[in-house]
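[1] Using only what follows, build the 3D model:
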Amino acid sequence: MTRQFERQFHEALSTTLGGRGWLALLEPHLGWQAVLGPHPADRSPDGVFRKGDFIVIVETHFSVREARSSWVLDLAEQVVRFDRLLSPSAGACGLLVTHAKVPSRLVAASARYPVAIHQSSPNQDMDELVELVCDHCESLIRRSHGFSTIEQTERFGDSSISSNMLSGSADGNLSIAASGFSYHSGEVEATPGDRSRSESEVSQRIQQLTGILGSHHPTVLSLRSELAQICQSEQMYREVIAEQLRFLGETSPDVLDTMTALAALLSQRGRYGEAATLYERASRQAIDGYGPHSQKSLILLNNLASSYVALGRTGEAVELYSDVLDRRVEVLGSDHPDVVLSQNNLANTLRELGRTKEAILIFMRAIDTSRRVLGAEHPTTLTVQNNLASALAEAGAIGKAISLYEETLANRMRILGDDHPETLTARNNLAFAYMEAGDVRRAHSLIEETLTGRIRVLGEDHPDTLATRNNLANAYLEAGQITRAIALHEEVLEQRSRLLGPSHPVTLNSRNNLGNAYLMSGSLDRSAVLFADTLDLCREVLGHDHPDTLTAQGNLGLVMQAQENLDDAKYLLSDTLMNRMRLLGPDHPDTIQSQIDVALVYAQSGDYQEGMRLLEIAEESCVRIFGPKDRKTRWVRQARERMREM
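    You can find the predicted model right below:
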């Protein structure tokens, strides 16, 4: 097998992986000489590929009859060096591609290193080999138990509050909620074909190594954990954990990895309380075993904080994110990529609390560092830039937000391609900004483009595709196309109920959105029934103090107001305001909106004096948080002037 074949293989591999969203790091990275030693040309890897924050280093050996153990050891050493220098948050792994015969002992040995072996036939077609190696690279992300820590906000996701209209204006209580995502291990989905191949491959390795090492060997149990991840099987995870505890002991790193992967799966399924319990246990174990400043401990604490955000325990999450950030700065210095990730996650959570100005300052520091350390076009830089745009939009600086969103979208299209998931997210977010700016036509066009792309890339039933359908329904509602909005929200609710379950938090958001559409259409009875059922489910699944529960309670109060059941409406809306003041603080946008809602229900009940007082407080808050020219500030000012005339 000639070097020409290897060169053709790597060119084809780079092209095919690029089409799957991978970046080929073909040119020497800044600092690679330090990684590779005094003679980098002699030890330069054949291929280095990055997807998100995971790196695969590919080495090829096509002209040797039997694989050598030195290949595995040398590649493992390179992986460790790359991991130390580049610090990819999701980890790094080596992939050895060879036609050589691979002895069983070498397969068993390689399983304990960050190295995988892809053995192929010397007569295999080039295109087929490339596709299979690409599939193997994708499977390495799924089997990785390093945990990515960056959170990316997708705007205009699940709107949560209906419009409280005064004198026919629809600008009152329209709030589009942000959806933050923390990518843990275990959350990368395979297509059905990829999953089938991966499942078969791992099952064969388990069977092969069980005969060599025994069924309770750490390698075999780790492979069973990998199989559980591929199958997304909670039961398989729990079985592996039980056997790891029995045969390896509670302090085994393998127990920690499997426990973390199970926590990620539970988070993905909306079972945040159970996930948080596992993360708490895993983080204590990591701190005891590796120390409070180890990378593994800090990543687990990060993921625990993310679970707290999902549970509505946002204040605790801020404290935890702040603690992780301080420890990373202490250990790594302020210019390390992991510090950027921590700054991003802390800023996102401050946004959840309505502390938007603080969030913007932290985002700006993170972007400055990321541009200097990683480069202006690095995926992390673009993600933080996207999140800064979201924060600016929340602060009322919609023009600046649109400029940043447009820049982020252009860069992602050029670097990642039109159909990359992050490009689709950027397109979605720009659509949100256009909608906020009142440019409904451009917003509709972008949302429809995003939906078409996600259907093509991810499929009809993927959660991101359903989120885009939800966004389109919200856009229809914003444009006054209420019948179309209702039909689409009903469709999304049915799909989410079927795929995620009726009690999943995302499904509960769909129930809120459909109830909102019913309210906007004047179908008050249907809206009231749906909001009441949703409130009961939110209290049961999320707890009484979760922000989504307060949203459901506020929505029920609004429909009661529309039904002129003013005493119950006043009680529900006032209680929502009190709890938001307590949990989110006076400057949070949801708290300000509750002030407006309560003011209007008092006015409707004839108590104009109290209504005026509350609207004055709300206007002061709007000016302070959003600025005097923001459309919500203007609406509140106009509402107060009309109320004064009554």
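
[2] Now do the buried residues in the helix or strand hosting E77.
    Using DSSP states H and E, E77 sits within helix 69-86. Buried residues in helix 69-86, counted by 16 or more other C-beta atoms under 10 Å: W71, V72, D74, L75, A76, Q78, V79, R81, F82, D83, L85, L86. Bear in mind the C-beta positions are built from the backbone N, C-alpha and C, glycine included.

[3] Name the residues of stretch 555-572 that come out as buried.
    Quick answer for stretch 555-572 (16+ other C-beta under 10 Å): N555, L556, G557, L558, V559, M560, Q561, A562, A569, K570, L572.

[4] same deal with stretch 207-223?
    Neighbour count says stretch 207-223 has L209, T210, H217, P218, T219, V220, L221, S222, L223 buried, by 16+ other C-beta under 10 Å.

[5] about what we covered before: secondary structure added to the buried residues of stretch 555-572, as TSV?
    Shown next, in TSV, are the buried residues of stretch 555-572 (DSSP: H, G, I helix; E, B strand; the rest coil):
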residue	secondary structure
N555	helix
L556	helix
G557	helix
L558	helix
V559	helix
M560	helix
Q561	helix
A562	helix
A569	helix
K570	helix
L572	helix
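
[6] Farthest pair within these?
    N555 and K570 (15.0 Å; C-beta to C-beta).

[7] and the helix or strand E239 falls within, what does it pack onto?
    Using DSSP H and E, E239 falls within helix 234-247. In terms of contacts (3 or more C-beta pairs under 8 Å, 6 or more residues apart in numbering; DSSP states H and E), helix 234-247 is packed against helix 218-231, helix 253-268.

[8] For it, report the contacting residues that lie outside it.
    216, 221, 224-225, 227-229, 252, 254-255, 258-259, 261-262, 265-266 (C-beta atoms under 8 Å, 6 or more residues apart in numbering).

[9] do the same with stretch 485-503
    Residues from elsewhere that reach stretch 485-503, judged by C-beta under 8 Å, 6+ apart: 269-270, 461, 463, 466, 469-470, 472-474, 476-477, 504, 506-507, 510-511, 513-514, 517-518, 520-521, 537, 540-541.

[10] quick one: buried residues of it?
    Neighbour-count burial for stretch 485-503 [16+ other C-beta under 10 Å]: A485, I486, L488, H489, E491, V492, L493, Q495, R496, L500.

[11] same deal with stretch 93-101?
    Neighbour counts over stretch 93-101 (16+ other C-beta under 10 Å) mark C93, G94, L95, L96, V97, T98, H99, A100 as buried.

[12] Now do the same contact list for the spatially closest residue to L13 that is not a sequence neighbour.
    Closest residue to L13 apart from its sequence neighbours, by C-beta to C-beta, 6 or more residues apart in numbering: V130 at 5.4 Å. Each residue near V130 by C-beta under 8 Å, 6+ apart is listed here: F9, A12, L13, T16.

[13] Over to E422?
    E422 sits next to Q152, P379, L382, T383, R412, L416 when contact means C-beta under 8 Å, 6+ apart.

[14] rerun at 6 Å
    R412, L416 (C-beta atoms under 6 Å, 6 or more residues apart in numbering).

[15] how far away is it from F54?
    Applying C-beta to C-beta, to the nearest Å, the value for E422 to F54 is 14 Å.

[16] Grab the two from the buried residues of stretch 93-101 that are most spread out in space.
    Using C-beta to C-beta, the two most remote members of the buried residues of stretch 93-101 are C93 and H99, lying 20.9 Å apart.

[17] Show the pLDDT at the residue nearest to L13.
    Confidence at V130, expressed as pLDDT, is 90.

[18] and the gap between it and V64?
    V130 sits 20 Å away from V64, going by C-beta to C-beta.

[19] And E131, by the same measure?
    In terms of C-beta to C-beta, E131 sits 23 Å off from V64.

[20] Using the record's domain definitions, break this protein down for me.
    According to automatic domain parsing, the chain comprises the domains 3-144, 148-183+325-479, 189-312, 564-646.

[21] tell me how far the second one is from the chain's mean position?
    Computed by C-alpha atoms, centre = their mean, to the nearest Å, the separation of domain 148-183+325-479 from the middle of its chain amounts to 11 Å.

[22] excluding its backbone neighbours, what's nearest H99?
    In space, H99 is closest to P122, 4.4 Å off (C-beta to C-beta, 6+ apart).

[23] I'd say the one you found and A100 touch.
    No: look at P122 against A100 with C-beta atoms under 6 Å: they stay out of range, at 9.1 Å.

[24] Emit the ChimeraX select command for whichever of the contacts of stretch 485-503 are buried.
    Entered in ChimeraX, the line below selects the buried ones among the contacts of stretch 485-503, by 16+ other C-beta under 10 Å:
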select :269,270,463,466,469,470,472,473,474,476,477,504,506,507,510,511,513,514,517,518,520,537,541
